[in-house]
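Visitor: here is a sequence together with a model predicted from it:
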Amino acid sequence: MNDTVNSEIVEGVDKPRRAMVADAAEPPAEALAEAAAEAVPEAAGETFARKRDYLEGFLAAAPVAVPAGAPGGSLYESVIDALREIYDPEIPVNIYDLGLIYGVDVGDGGDVTVAMTLTTPHCPVAESMPGEVELRVGAVPGVRDAEVNLVWDPPWDPAKMSDEARLELGML
């Protein structure tokens, strides 16, 4: 709006009041730029900083990098994925979800040690399964050496199976 229109609208109103109405009708460009800079600090070249973090402890800190061989690391997860591709010939569930893998240790140089068991000591694949696990884990990119330790203590029982395995076998 221009000043003539404003003056027609506010006739009878004193001069200072007329200036306020004119300012309210059309804010100057500088005022708009300042308001935008206050609303979005990045627009003014400032870095954005939260005044209050409503999610303290959840999103407040940057994620911590996980070493590749630690649980959650890329090499560790690749080894677990390889173990999930190996199935027990008598039970249609992979050996990881079946609970036959007791531990996976990934060393700094890419050396992987897998502690595993079998459903029974007289399992028909007692001779071949540890070898297959060693071959599959050794084939994972980044693994330098794979070793499988077959353990019998504690003995395997169905309680060691994951919920997915129980669901697959109709036990849930």
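Guide: Cool, got the structure. Numbers count the residues shown, from 1 in each chain.
Visitor: low-confidence ranges, this protein, go.
Guide: Under the criterion pLDDT under 70, the flagged ranges of the chain are 1-66, 68-69, 72.
Visitor: hang on, V148 packs against L135?
Guide: No - the pair V148 and L135 fails to qualify as a contact (C-beta atoms under 8 Å) at a distance of 9.6 Å. (Glycine included, C-beta is placed from N, CA and C.)
Visitor: those two - which one has more neighbours?
Guide: Between V148 and L135, counting by other C-beta atoms under 10 Å, V148 is the more crowded of the two (19 against 13).
Visitor: for that one, list each beta-bridge partner.
Guide: V114 (DSSP bridges).
Visitor: so what's it up against?
Guide: Under the criterion of C-beta atoms under 8 Å, 6 or more residues apart in numbering, the neighbours of V148 are T113, V114, M116, P130, G131, V133, E134, V137.
Visitor: likewise G131?
Guide: The neighbours of G131, taking C-beta under 8 Å, 6+ apart as the test, are V148.
Visitor: what do you get if the cut-off is 7 Å, keeping everything else the same?
Guide: Going by C-beta atoms under 7 Å, 6 or more residues apart in numbering, G131 touches no other residue.
Visitor: on that earlier part again, determine which two of the contacts of V148 are furthest apart.
Guide: Within the contacts of V148, T113 and G131 form the most distant pair, 15.2 Å apart (C-beta to C-beta).
Visitor: returning to that earlier point: okay, the contacts of V148 in a markdown table with secondary structure and distance to D105 next?
Guide: Converted to a markdown table, the contacts of V148 look like this (DSSP: H, G, I helix; E, B strand; the rest coil; distance: C-beta to C-beta, whole Å):
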| residue | secondary structure | distance to D105 |
| --- | --- | --- |
| T113 | strand | 5 |
| V114 | strand | 8 |
| M116 | strand | 12 |
| P130 | helix | 16 |
| G131 | helix | 19 |
| V133 | helix | 14 |
| E134 | helix | 14 |
| V137 | helix | 11 |
